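Enquirer: Quick check, what structure comes out for this input:
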Amino acid sequence: MKFLVLGISAGLALAGAAPAGAQTLLVAWQACTGEGAVSRVQQINGCSNVIGSGLEAPKPRAVAFFNRAVLYQSQGAISQALADYDEAVRLDPSQGQSFAGRASAYFEQADYVRAGADYEQALRLSPDAPNGWAGRAAVRLAQGRGADAMADYDKAVALAPQSADMLDRRGAAYARGGDDARALADFDHALRIKADDAPALTGRGGVLARRGDADGALKAFDAAVRSEPDLGSALSGRGWARRATGDVAGSAADYAQVATLTPRDAQAQFNHGFSLSLAGDLDGAVAAYSAAVVRDPQDAGAYNNRGDALASRGDLKAAVADFDRALELRPGYALALANRGRARLQLGEFQDAAADFGELVKRDPADLTARLSLAIAYGGRGANAQAVAEADQAVQRAPGSAQALNIRCWARGLSGEGLDQALADCDRSVALKADAPEVYDARGFVRLRRGELDLALADYATALRLRPQLASARFGQGLAEVRLGRAAQGRTDMAAATATEPKIAADFARYGLTP
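Expert: Predicted structure coming up:
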(Lines give C-alpha, C1' and ligand atoms only; values in the text may rest on other atoms or scores of the structure.)
Protein backbone atom coordinates (compact mmCIF):
# COMPACT_ATOMS: atom_id res chain seq x y z
CA MET A 1 0.00 0.00 0.00
CA LYS A 2 1.31 3.45 -0.93
CA PHE A 3 1.77 5.94 1.87
CA LEU A 4 -0.53 8.96 2.02
CA VAL A 5 2.19 11.62 2.09
CA LEU A 6 1.38 15.20 2.97
CA GLY A 7 3.80 17.87 1.71
CA ILE A 8 6.51 18.67 4.25
CA SER A 9 5.84 22.39 4.20
CA ALA A 10 2.14 21.81 4.72
CA GLY A 11 2.84 19.50 7.63
CA LEU A 12 5.12 22.01 9.34
CA ALA A 13 2.77 24.89 8.74
CA LEU A 14 0.03 22.95 10.47
CA ALA A 15 2.40 22.12 13.32
CA GLY A 16 2.88 25.72 14.37
CA ALA A 17 6.04 24.72 16.20
CA ALA A 18 8.94 26.89 17.36
CA PRO A 19 11.98 26.94 14.99
CA ALA A 20 14.03 24.46 17.06
CA GLY A 21 11.07 22.16 17.53
CA ALA A 22 10.16 22.54 13.86
CA GLN A 23 13.56 21.22 12.79
CA THR A 24 13.20 18.14 15.00
CA LEU A 25 9.69 17.61 13.72
CA LEU A 26 10.90 17.97 10.12
CA VAL A 27 13.42 15.13 10.61
CA ALA A 28 10.72 12.93 12.15
CA TRP A 29 8.28 13.81 9.37
CA GLN A 30 10.82 12.96 6.65
CA ALA A 31 11.49 9.58 8.24
CA CYS A 32 7.78 8.88 8.71
CA THR A 33 6.95 9.62 5.08
CA GLY A 34 9.87 7.54 3.84
CA GLU A 35 12.03 10.30 2.40
CA GLY A 36 15.58 9.19 1.79
CA ALA A 37 17.09 5.79 2.46
CA VAL A 38 15.40 4.87 5.73
CA SER A 39 14.56 1.48 7.17
CA ARG A 40 11.12 0.41 8.32
CA VAL A 41 12.23 0.77 11.93
CA GLN A 42 13.35 4.34 11.25
CA GLN A 43 10.03 5.04 9.53
CA ILE A 44 8.06 3.68 12.48
CA ASN A 45 10.18 5.69 14.90
CA GLY A 46 9.70 8.81 12.77
CA CYS A 47 5.93 8.37 12.77
CA SER A 48 5.95 7.71 16.53
CA ASN A 49 7.92 10.93 17.07
CA VAL A 50 5.43 12.92 15.01
CA ILE A 51 2.54 11.38 16.94
CA GLY A 52 4.18 12.06 20.30
CA SER A 53 5.39 15.57 19.47
CA GLY A 54 2.37 17.37 20.93
CA LEU A 55 1.30 18.39 17.45
CA GLU A 56 -2.24 19.72 17.62
CA ALA A 57 -3.17 19.84 13.91
CA PRO A 58 -5.09 16.62 13.16
CA LYS A 59 -4.23 16.02 9.49
CA PRO A 60 -0.46 15.49 9.79
CA ARG A 61 -1.00 13.30 12.86
CA ALA A 62 -3.55 11.30 10.86
CA VAL A 63 -0.89 10.81 8.17
CA ALA A 64 1.60 9.63 10.80
CA PHE A 65 -0.89 7.15 12.26
CA PHE A 66 -1.78 5.92 8.78
CA ASN A 67 1.84 5.45 7.70
CA ARG A 68 2.74 3.67 10.92
CA ALA A 69 -0.32 1.43 10.51
CA VAL A 70 0.86 0.43 7.02
CA LEU A 71 4.30 -0.39 8.41
CA TYR A 72 2.89 -2.43 11.29
CA GLN A 73 0.62 -4.31 8.89
CA SER A 74 3.55 -5.16 6.62
CA GLN A 75 5.24 -6.77 9.63
CA GLY A 76 2.19 -8.82 10.56
CA ALA A 77 1.32 -6.72 13.64
CA ILE A 78 -2.33 -6.48 12.65
CA SER A 79 -3.70 -5.45 16.06
CA GLN A 80 -1.27 -2.53 16.29
CA ALA A 81 -2.05 -1.59 12.69
CA LEU A 82 -5.79 -1.55 13.39
CA ALA A 83 -5.32 0.68 16.43
CA ASP A 84 -3.37 3.18 14.30
CA TYR A 85 -5.88 3.03 11.44
CA ASP A 86 -8.61 3.80 13.99
CA GLU A 87 -6.73 6.93 15.06
CA ALA A 88 -6.12 7.99 11.46
CA VAL A 89 -9.84 7.66 10.69
CA ARG A 90 -10.82 9.52 13.87
CA LEU A 91 -8.42 12.41 13.24
CA ASP A 92 -9.26 12.81 9.54
CA PRO A 93 -12.41 10.95 8.46
CA SER A 94 -12.25 12.57 5.02
CA GLN A 95 -9.46 10.32 3.74
CA GLY A 96 -10.76 7.26 1.89
CA GLN A 97 -7.31 5.69 1.95
CA SER A 98 -7.43 5.38 5.74
CA PHE A 99 -10.67 3.42 5.52
CA ALA A 100 -9.21 1.27 2.72
CA GLY A 101 -6.09 0.59 4.79
CA ARG A 102 -8.15 -0.47 7.79
CA ALA A 103 -10.31 -2.62 5.52
CA SER A 104 -7.21 -4.45 4.26
CA ALA A 105 -6.17 -5.19 7.85
CA TYR A 106 -9.63 -6.53 8.68
CA PHE A 107 -9.41 -8.63 5.52
CA GLU A 108 -6.18 -10.22 6.77
CA GLN A 109 -8.08 -11.24 9.91
CA ALA A 110 -10.87 -12.67 7.74
CA ASP A 111 -13.26 -10.13 9.28
CA TYR A 112 -15.08 -9.64 6.00
CA VAL A 113 -18.05 -7.75 7.45
CA ARG A 114 -15.91 -4.93 8.85
CA ALA A 115 -13.60 -5.02 5.82
CA GLY A 116 -16.57 -4.65 3.50
CA ALA A 117 -18.03 -1.77 5.50
CA ASP A 118 -14.72 0.12 5.42
CA TYR A 119 -14.29 -0.42 1.69
CA GLU A 120 -17.82 0.91 1.18
CA GLN A 121 -16.88 4.10 3.05
CA ALA A 122 -13.60 4.36 1.16
CA LEU A 123 -15.51 4.20 -2.13
CA ARG A 124 -17.98 6.87 -0.98
CA LEU A 125 -15.06 9.18 -0.22
CA SER A 126 -12.90 8.21 -3.21
CA PRO A 127 -15.13 6.67 -5.89
CA ASP A 128 -12.40 6.92 -8.54
CA ALA A 129 -9.75 5.04 -6.53
CA PRO A 130 -9.21 1.65 -8.22
CA ASN A 131 -7.67 0.15 -5.08
CA GLY A 132 -10.97 0.59 -3.25
CA TRP A 133 -12.89 -1.31 -5.93
CA ALA A 134 -10.27 -4.07 -6.06
CA GLY A 135 -10.27 -4.32 -2.25
CA ARG A 136 -14.03 -4.65 -2.07
CA ALA A 137 -13.85 -7.21 -4.87
CA ALA A 138 -11.47 -9.34 -2.79
CA VAL A 139 -13.90 -9.20 0.15
CA ARG A 140 -16.83 -10.20 -2.03
CA LEU A 141 -14.84 -13.04 -3.54
CA ALA A 142 -13.99 -14.33 -0.06
CA GLN A 143 -17.70 -14.17 0.82
CA GLY A 144 -18.60 -16.30 -2.20
CA ARG A 145 -20.12 -13.40 -4.15
CA GLY A 146 -18.25 -14.14 -7.34
CA ALA A 147 -20.38 -12.14 -9.79
CA ASP A 148 -20.34 -9.01 -7.57
CA ALA A 149 -16.59 -9.40 -7.10
CA MET A 150 -15.92 -9.58 -10.84
CA ALA A 151 -18.06 -6.47 -11.39
CA ASP A 152 -15.85 -4.61 -8.89
CA TYR A 153 -12.67 -5.87 -10.54
CA ASP A 154 -14.02 -4.71 -13.91
CA LYS A 155 -14.59 -1.25 -12.41
CA ALA A 156 -11.04 -1.17 -11.00
CA VAL A 157 -9.58 -2.09 -14.40
CA ALA A 158 -11.79 0.44 -16.17
CA LEU A 159 -10.51 3.18 -13.83
CA ALA A 160 -6.88 2.15 -14.37
CA PRO A 161 -6.67 0.32 -17.72
CA GLN A 162 -2.90 0.60 -17.85
CA SER A 163 -2.38 -0.67 -14.31
CA ALA A 164 -0.67 -4.05 -14.32
CA ASP A 165 -1.64 -4.39 -10.65
CA MET A 166 -5.38 -4.14 -11.34
CA LEU A 167 -5.08 -6.62 -14.23
CA ASP A 168 -3.09 -8.98 -11.99
CA ARG A 169 -5.79 -8.90 -9.33
CA ARG A 170 -8.62 -9.54 -11.77
CA GLY A 171 -6.60 -12.27 -13.49
CA ALA A 172 -6.03 -13.99 -10.14
CA ALA A 173 -9.78 -13.85 -9.46
CA TYR A 174 -10.53 -15.37 -12.87
CA ALA A 175 -7.96 -18.10 -12.18
CA ARG A 176 -9.50 -18.82 -8.79
CA GLY A 177 -12.87 -19.25 -10.48
CA GLY A 178 -11.43 -21.63 -13.06
CA ASP A 179 -11.75 -19.19 -16.00
CA ASP A 180 -8.26 -19.86 -17.34
CA ALA A 181 -8.78 -18.13 -20.69
CA ARG A 182 -9.73 -14.77 -19.14
CA ALA A 183 -7.06 -15.16 -16.47
CA LEU A 184 -4.36 -15.64 -19.09
CA ALA A 185 -5.73 -12.71 -21.10
CA ASP A 186 -5.36 -10.41 -18.06
CA PHE A 187 -1.91 -11.73 -17.17
CA ASP A 188 -0.71 -11.37 -20.77
CA HIS A 189 -2.14 -7.81 -20.94
CA ALA A 190 -0.29 -6.96 -17.70
CA LEU A 191 2.93 -8.36 -19.17
CA ARG A 192 2.54 -6.20 -22.28
CA ILE A 193 2.36 -3.20 -19.96
CA LYS A 194 5.21 -4.42 -17.77
CA ALA A 195 7.26 -7.26 -19.23
CA ASP A 196 8.78 -8.35 -15.91
CA ASP A 197 5.58 -8.08 -13.85
CA ALA A 198 6.18 -10.79 -11.24
CA PRO A 199 2.55 -11.23 -10.08
CA ALA A 200 1.40 -11.69 -13.70
CA LEU A 201 4.17 -14.18 -14.38
CA THR A 202 3.27 -16.02 -11.17
CA GLY A 203 -0.42 -16.08 -12.06
CA ARG A 204 0.40 -17.34 -15.54
CA GLY A 205 2.54 -20.09 -14.03
CA GLY A 206 -0.32 -21.13 -11.78
CA VAL A 207 -2.73 -21.49 -14.70
CA LEU A 208 -0.19 -23.51 -16.69
CA ALA A 209 0.47 -25.72 -13.67
CA ARG A 210 -3.23 -26.45 -13.30
CA ARG A 211 -3.32 -27.38 -16.98
CA GLY A 212 -0.51 -29.89 -16.40
CA ASP A 213 2.13 -27.89 -18.29
CA ALA A 214 4.92 -28.22 -15.71
CA ASP A 215 7.64 -27.02 -18.09
CA GLY A 216 5.69 -23.91 -19.09
CA ALA A 217 4.83 -23.22 -15.46
CA LEU A 218 8.48 -23.55 -14.47
CA LYS A 219 9.50 -21.05 -17.13
CA ALA A 220 6.90 -18.53 -15.89
CA PHE A 221 7.71 -18.99 -12.19
CA ASP A 222 11.44 -18.75 -12.92
CA ALA A 223 10.94 -15.42 -14.71
CA ALA A 224 8.84 -14.17 -11.78
CA VAL A 225 11.58 -15.06 -9.29
CA ARG A 226 14.20 -13.32 -11.43
CA SER A 227 12.04 -10.21 -11.42
CA GLU A 228 11.17 -10.35 -7.72
CA PRO A 229 13.46 -12.79 -5.85
CA ASP A 230 11.56 -12.58 -2.56
CA LEU A 231 8.04 -13.14 -3.95
CA GLY A 232 6.79 -16.08 -1.89
CA SER A 233 4.03 -17.13 -4.29
CA ALA A 234 6.48 -17.30 -7.20
CA LEU A 235 8.99 -19.31 -5.16
CA SER A 236 6.25 -21.69 -3.98
CA GLY A 237 5.05 -22.15 -7.55
CA ARG A 238 8.57 -22.80 -8.76
CA GLY A 239 9.05 -25.27 -5.91
CA TRP A 240 6.05 -27.23 -7.20
CA ALA A 241 7.19 -27.00 -10.83
CA ARG A 242 10.73 -28.08 -10.00
CA ARG A 243 9.46 -31.13 -8.14
CA ALA A 244 7.06 -31.94 -11.01
CA THR A 245 9.96 -31.81 -13.48
CA GLY A 246 12.27 -33.94 -11.31
CA ASP A 247 14.37 -31.27 -9.59
CA VAL A 248 13.77 -32.40 -6.01
CA ALA A 249 16.73 -30.50 -4.54
CA GLY A 250 15.74 -27.26 -6.27
CA SER A 251 12.16 -27.70 -5.10
CA ALA A 252 13.27 -28.16 -1.49
CA ALA A 253 15.48 -25.06 -1.71
CA ASP A 254 12.56 -22.95 -2.96
CA TYR A 255 10.21 -24.17 -0.25
CA ALA A 256 12.86 -23.55 2.41
CA GLN A 257 13.37 -19.99 1.15
CA VAL A 258 9.64 -19.28 1.23
CA ALA A 259 9.40 -20.63 4.78
CA THR A 260 12.18 -18.22 5.82
CA LEU A 261 10.72 -15.25 3.95
CA THR A 262 7.16 -15.74 5.20
CA PRO A 263 7.43 -17.36 8.64
CA ARG A 264 3.81 -16.47 9.43
CA ASP A 265 2.47 -18.20 6.31
CA ALA A 266 0.99 -21.58 7.27
CA GLN A 267 1.00 -22.86 3.68
CA ALA A 268 4.68 -21.98 3.28
CA GLN A 269 5.55 -23.96 6.40
CA PHE A 270 3.36 -26.84 5.20
CA ASN A 271 5.13 -26.97 1.83
CA HIS A 272 8.51 -26.82 3.56
CA GLY A 273 7.52 -29.73 5.77
CA PHE A 274 6.40 -31.71 2.74
CA SER A 275 9.69 -31.21 0.94
CA LEU A 276 11.70 -32.12 4.06
CA SER A 277 9.64 -35.25 4.50
CA LEU A 278 10.31 -36.28 0.89
CA ALA A 279 14.02 -35.76 1.52
CA GLY A 280 13.89 -38.00 4.60
CA ASP A 281 14.49 -35.20 7.12
CA LEU A 282 11.75 -36.30 9.50
CA ASP A 283 12.82 -34.06 12.40
CA GLY A 284 12.84 -31.04 10.11
CA ALA A 285 9.47 -32.04 8.65
CA VAL A 286 7.91 -32.34 12.12
CA ALA A 287 9.25 -28.89 13.03
CA ALA A 288 7.91 -27.32 9.82
CA TYR A 289 4.48 -28.93 10.17
CA SER A 290 4.41 -27.79 13.80
CA ALA A 291 5.01 -24.24 12.61
CA ALA A 292 2.15 -24.65 10.13
CA VAL A 293 -0.17 -25.88 12.88
CA VAL A 294 0.69 -22.94 15.13
CA ARG A 295 -0.16 -20.53 12.32
CA ASP A 296 -3.30 -22.36 11.23
CA PRO A 297 -4.68 -24.56 14.04
CA GLN A 298 -7.62 -25.59 11.83
CA ASP A 299 -5.50 -27.20 9.11
CA ALA A 300 -6.36 -30.90 9.24
CA GLY A 301 -3.83 -31.64 6.50
CA ALA A 302 -0.96 -30.25 8.56
CA TYR A 303 -1.91 -32.45 11.54
CA ASN A 304 -2.18 -35.47 9.27
CA ASN A 305 1.18 -34.84 7.63
CA ARG A 306 2.91 -34.18 10.95
CA GLY A 307 1.41 -37.43 12.23
CA ASP A 308 2.80 -39.23 9.20
CA ALA A 309 6.29 -37.81 9.85
CA LEU A 310 6.04 -38.71 13.54
CA ALA A 311 4.99 -42.27 12.69
CA SER A 312 7.85 -42.60 10.21
CA ARG A 313 10.36 -41.74 12.93
CA GLY A 314 8.69 -44.12 15.40
CA ASP A 315 6.68 -41.69 17.56
CA LEU A 316 3.48 -43.70 17.15
CA LYS A 317 1.51 -42.41 20.13
CA ALA A 318 2.14 -38.80 19.15
CA ALA A 319 1.24 -39.68 15.58
CA VAL A 320 -2.11 -41.14 16.62
CA ALA A 321 -2.85 -37.97 18.60
CA ASP A 322 -2.24 -35.90 15.46
CA PHE A 323 -4.44 -38.18 13.34
CA ASP A 324 -7.16 -37.88 16.01
CA ARG A 325 -6.97 -34.09 15.76
CA ALA A 326 -7.05 -34.18 11.96
CA LEU A 327 -10.23 -36.27 12.12
CA GLU A 328 -11.82 -33.91 14.66
CA LEU A 329 -11.22 -31.03 12.27
CA ARG A 330 -12.26 -32.97 9.17
CA PRO A 331 -14.54 -35.90 10.08
CA GLY A 332 -14.20 -38.79 7.68
CA TYR A 333 -10.78 -37.64 6.42
CA ALA A 334 -9.79 -40.83 4.57
CA LEU A 335 -6.04 -40.27 4.55
CA ALA A 336 -5.97 -39.63 8.29
CA LEU A 337 -8.10 -42.72 8.91
CA ALA A 338 -5.71 -44.89 6.91
CA ASN A 339 -2.66 -43.37 8.60
CA ARG A 340 -4.17 -43.82 12.07
CA GLY A 341 -5.06 -47.40 11.24
CA ARG A 342 -1.48 -48.17 10.21
CA ALA A 343 -0.08 -46.56 13.35
CA ARG A 344 -2.50 -48.56 15.48
CA LEU A 345 -1.43 -51.77 13.75
CA GLN A 346 2.18 -50.99 14.66
CA LEU A 347 1.14 -50.27 18.24
CA GLY A 348 -0.72 -53.59 18.44
CA GLU A 349 -4.06 -51.81 18.90
CA PHE A 350 -5.77 -54.22 16.54
CA GLN A 351 -9.37 -53.58 17.53
CA ASP A 352 -9.03 -49.82 16.98
CA ALA A 353 -7.13 -50.43 13.74
CA ALA A 354 -9.94 -52.71 12.56
CA ALA A 355 -12.43 -49.91 13.27
CA ASP A 356 -10.45 -47.46 11.13
CA PHE A 357 -9.98 -49.82 8.19
CA GLY A 358 -13.53 -51.11 8.52
CA GLU A 359 -14.79 -47.55 8.04
CA LEU A 360 -12.66 -47.16 4.92
CA VAL A 361 -13.90 -50.46 3.46
CA LYS A 362 -17.51 -49.49 4.21
CA ARG A 363 -17.03 -46.30 2.18
CA ASP A 364 -15.17 -47.96 -0.66
CA PRO A 365 -15.44 -51.75 -0.89
CA ALA A 366 -12.95 -51.69 -3.77
CA ASP A 367 -10.19 -50.19 -1.58
CA LEU A 368 -7.80 -53.14 -1.68
CA THR A 369 -5.24 -51.64 0.70
CA ALA A 370 -7.86 -50.91 3.35
CA ARG A 371 -9.37 -54.39 3.03
CA LEU A 372 -6.01 -56.12 3.36
CA SER A 373 -5.14 -53.92 6.34
CA LEU A 374 -8.47 -54.88 7.88
CA ALA A 375 -7.55 -58.55 7.39
CA ILE A 376 -4.24 -57.94 9.18
CA ALA A 377 -6.04 -56.18 12.05
CA TYR A 378 -8.47 -59.09 12.41
CA GLY A 379 -5.57 -61.53 12.37
CA GLY A 380 -3.73 -59.52 15.01
CA ARG A 381 -6.70 -59.63 17.38
CA GLY A 382 -7.20 -63.37 16.81
CA ALA A 383 -10.33 -63.10 14.65
CA ASN A 384 -8.85 -65.50 12.13
CA ALA A 385 -12.06 -66.40 10.31
CA GLN A 386 -12.77 -62.72 9.68
CA ALA A 387 -9.17 -62.20 8.55
CA VAL A 388 -9.51 -65.02 6.00
CA ALA A 389 -12.87 -63.65 4.82
CA GLU A 390 -11.48 -60.16 4.20
CA ALA A 391 -8.38 -61.51 2.47
CA ASP A 392 -10.61 -63.76 0.36
CA GLN A 393 -12.62 -60.69 -0.72
CA ALA A 394 -9.38 -58.97 -1.66
CA VAL A 395 -8.21 -61.92 -3.78
CA GLN A 396 -11.56 -62.08 -5.54
CA ARG A 397 -11.27 -58.40 -6.44
CA ALA A 398 -7.59 -58.63 -7.40
CA PRO A 399 -6.70 -62.25 -8.25
CA GLY A 400 -3.30 -61.24 -9.61
CA SER A 401 -2.21 -59.33 -6.50
CA ALA A 402 0.80 -60.91 -4.81
CA GLN A 403 0.02 -58.92 -1.67
CA ALA A 404 -3.58 -60.14 -1.47
CA LEU A 405 -2.51 -63.76 -2.01
CA ASN A 406 0.24 -63.41 0.57
CA ILE A 407 -2.10 -62.02 3.23
CA ARG A 408 -4.69 -64.73 2.55
CA CYS A 409 -1.88 -67.30 2.90
CA TRP A 410 -0.84 -65.69 6.18
CA ALA A 411 -4.45 -65.48 7.46
CA ARG A 412 -5.09 -69.14 6.66
CA GLY A 413 -1.80 -70.00 8.31
CA LEU A 414 -2.91 -68.24 11.48
CA SER A 415 -6.21 -70.10 11.52
CA GLY A 416 -4.46 -73.45 11.14
CA GLU A 417 -7.18 -74.57 8.74
CA GLY A 418 -6.91 -74.97 4.99
CA LEU A 419 -3.10 -75.12 5.13
CA ASP A 420 -2.98 -76.74 1.68
CA GLN A 421 -4.88 -73.75 0.29
CA ALA A 422 -2.61 -71.45 2.27
CA LEU A 423 0.47 -73.03 0.74
CA ALA A 424 -1.02 -72.69 -2.75
CA ASP A 425 -1.62 -68.99 -2.11
CA CYS A 426 1.94 -68.55 -0.89
CA ASP A 427 3.37 -70.36 -3.91
CA ARG A 428 1.44 -68.06 -6.26
CA SER A 429 2.53 -65.03 -4.26
CA VAL A 430 6.20 -66.07 -4.47
CA ALA A 431 5.87 -66.63 -8.22
CA LEU A 432 4.42 -63.14 -8.66
CA LYS A 433 6.85 -61.30 -6.39
CA ALA A 434 10.01 -63.28 -5.82
CA ASP A 435 11.95 -60.38 -4.30
CA ALA A 436 9.52 -59.68 -1.42
CA PRO A 437 10.70 -61.00 1.98
CA GLU A 438 7.16 -61.14 3.40
CA VAL A 439 6.05 -63.82 0.93
CA TYR A 440 8.79 -66.18 2.10
CA ASP A 441 8.10 -65.30 5.73
CA ALA A 442 4.41 -66.24 5.33
CA ARG A 443 5.21 -69.46 3.47
CA GLY A 444 7.82 -70.35 6.10
CA PHE A 445 5.15 -69.91 8.79
CA VAL A 446 2.69 -72.19 6.93
CA ARG A 447 5.38 -74.83 6.41
CA LEU A 448 6.35 -74.61 10.08
CA ARG A 449 2.71 -75.31 11.01
CA ARG A 450 2.66 -78.21 8.52
CA GLY A 451 5.83 -79.66 10.09
CA GLU A 452 7.89 -79.20 6.91
CA LEU A 453 10.89 -77.95 8.86
CA ASP A 454 13.61 -78.05 6.17
CA LEU A 455 11.38 -76.26 3.68
CA ALA A 456 10.44 -73.73 6.37
CA LEU A 457 14.13 -73.10 7.05
CA ALA A 458 14.76 -72.49 3.36
CA ASP A 459 11.96 -69.93 3.19
CA TYR A 460 13.05 -68.17 6.35
CA ALA A 461 16.65 -68.03 5.09
CA THR A 462 15.48 -66.33 1.89
CA ALA A 463 13.33 -63.89 3.82
CA LEU A 464 16.27 -62.96 6.07
CA ARG A 465 18.61 -62.57 3.13
CA LEU A 466 16.19 -60.03 1.70
CA ARG A 467 15.48 -58.35 5.06
CA PRO A 468 17.91 -59.33 7.85
CA GLN A 469 15.94 -57.51 10.60
CA LEU A 470 12.64 -59.35 9.96
CA ALA A 471 11.90 -60.58 13.50
CA SER A 472 9.13 -63.05 12.59
CA ALA A 473 11.40 -64.83 10.10
CA ARG A 474 14.29 -64.91 12.58
CA PHE A 475 12.11 -66.38 15.34
CA GLY A 476 10.52 -68.90 12.97
CA GLN A 477 13.95 -69.96 11.78
CA GLY A 478 15.04 -70.42 15.39
CA LEU A 479 12.00 -72.60 16.15
CA ALA A 480 12.66 -74.79 13.12
CA GLU A 481 16.31 -75.16 14.14
CA VAL A 482 15.39 -76.18 17.70
CA ARG A 483 12.92 -78.76 16.40
CA LEU A 484 15.58 -80.11 14.06
CA GLY A 485 17.94 -80.59 17.02
CA ARG A 486 20.07 -77.48 16.52
CA ALA A 487 19.16 -76.06 19.91
CA ALA A 488 22.05 -73.61 20.44
CA GLN A 489 21.73 -72.02 17.03
CA GLY A 490 17.94 -71.91 17.28
CA ARG A 491 17.92 -70.22 20.68
CA THR A 492 20.44 -67.67 19.44
CA ASP A 493 18.10 -66.80 16.56
CA MET A 494 15.05 -66.61 18.83
CA ALA A 495 16.90 -64.34 21.26
CA ALA A 496 17.94 -62.04 18.41
CA ALA A 497 14.31 -61.87 17.20
CA THR A 498 13.05 -61.12 20.71
CA ALA A 499 15.58 -58.31 21.07
CA THR A 500 14.10 -56.74 17.93
CA GLU A 501 10.44 -57.51 18.75
CA PRO A 502 9.85 -58.34 22.45
CA LYS A 503 6.36 -59.80 21.89
CA ILE A 504 7.35 -62.17 19.11
CA ALA A 505 7.54 -65.31 21.29
CA ALA A 506 4.03 -64.66 22.65
CA ASP A 507 2.73 -64.14 19.12
CA PHE A 508 4.04 -67.54 17.98
CA ALA A 509 2.88 -69.21 21.19
CA ARG A 510 -0.74 -68.19 20.39
CA TYR A 511 -0.60 -70.68 17.54
CA GLY A 512 1.04 -73.47 19.49
CA LEU A 513 4.47 -72.74 18.06
CA THR A 514 6.88 -73.01 20.98
CA PRO A 515 10.37 -74.55 21.30
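Enquirer: Which stretches in the stretch 401-515 of the chain count as helices?
Expert: For the stretch 401-515 of the chain, applying DSSP state H, counting those that start in this stretch gives helices covering 402-415, 419-432, 437-450, 453-466, 471-483, 487-500, 504-509.
Enquirer: Mean pLDDT and mean neighbour count added to these, as JSON lines?
Expert: Heads up, the C-betas are built off the backbone N, CA and C, glycines and all. Converted to JSON lines, the helices of the stretch 401-515 of the chain look like this (pLDDT from 0 to 100; neighbours: other CB atoms under 10 Å):
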{"stretch": "helix 402-415", "mean pLDDT": "94", "mean neighbour count": "25"}
{"stretch": "helix 419-432", "mean pLDDT": "96", "mean neighbour count": "19"}
{"stretch": "helix 437-450", "mean pLDDT": "96", "mean neighbour count": "25"}
{"stretch": "helix 453-466", "mean pLDDT": "97", "mean neighbour count": "19"}
{"stretch": "helix 471-483", "mean pLDDT": "96", "mean neighbour count": "24"}
{"stretch": "helix 487-500", "mean pLDDT": "96", "mean neighbour count": "16"}
{"stretch": "helix 504-509", "mean pLDDT": "93", "mean neighbour count": "16"}
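Enquirer: mind listing the helices for the stretch 201-350 of the chain?
Expert: Going by DSSP H, counting those that start in this stretch, the stretch 201-350 of the chain shows helices at 214-227, 232-244, 248-261, 266-278, 282-295, 300-312, 316-329, 334-347, 350-363.
Enquirer: nearest to Phe99, of those helices?
Expert: Go through these one by one with CB to CB and the one that ends up closest to Phe99 is helix 232-244, at 26.9 Å.
Enquirer: circling back to that earlier point, can you put the helices of the stretch 201-350 of the chain in JSON lines and add mean pLDDT?
Expert: As requested, these are exported to JSON lines (pLDDT from 0 to 100):
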{"stretch": "helix 214-227", "mean pLDDT": "97"}
{"stretch": "helix 232-244", "mean pLDDT": "94"}
{"stretch": "helix 248-261", "mean pLDDT": "92"}
{"stretch": "helix 266-278", "mean pLDDT": "90"}
{"stretch": "helix 282-295", "mean pLDDT": "94"}
{"stretch": "helix 300-312", "mean pLDDT": "96"}
{"stretch": "helix 316-329", "mean pLDDT": "97"}
{"stretch": "helix 334-347", "mean pLDDT": "96"}
{"stretch": "helix 350-363", "mean pLDDT": "97"}
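Enquirer: Which one, of the ones you listed, ends up nearest to Ala64?
Expert: The closest of those to Ala64 is helix 248-261. By CB to CB, the value is 28.6 Å.
Enquirer: What mean pLDDT does the helix ranked longest in the chain get?
Expert: With DSSP state H applied, the helix covering the greatest number of residues in the chain is identified as helix 58-74. Over the span of helix 58-74, the pLDDT mean works out to 93.
Enquirer: Next, the buried residues of it.
Expert: Residues of helix 58-74 classed as buried by neighbour count (16 or more other CB atoms under 10 Å): 59-73.
Enquirer: Wait, Gly239 touches Val258, no?
Expert: Yes. In this structure, Gly239 sits in contact with Val258. The criterion is CB atoms under 8 Å, and the distance is 7.0 Å.
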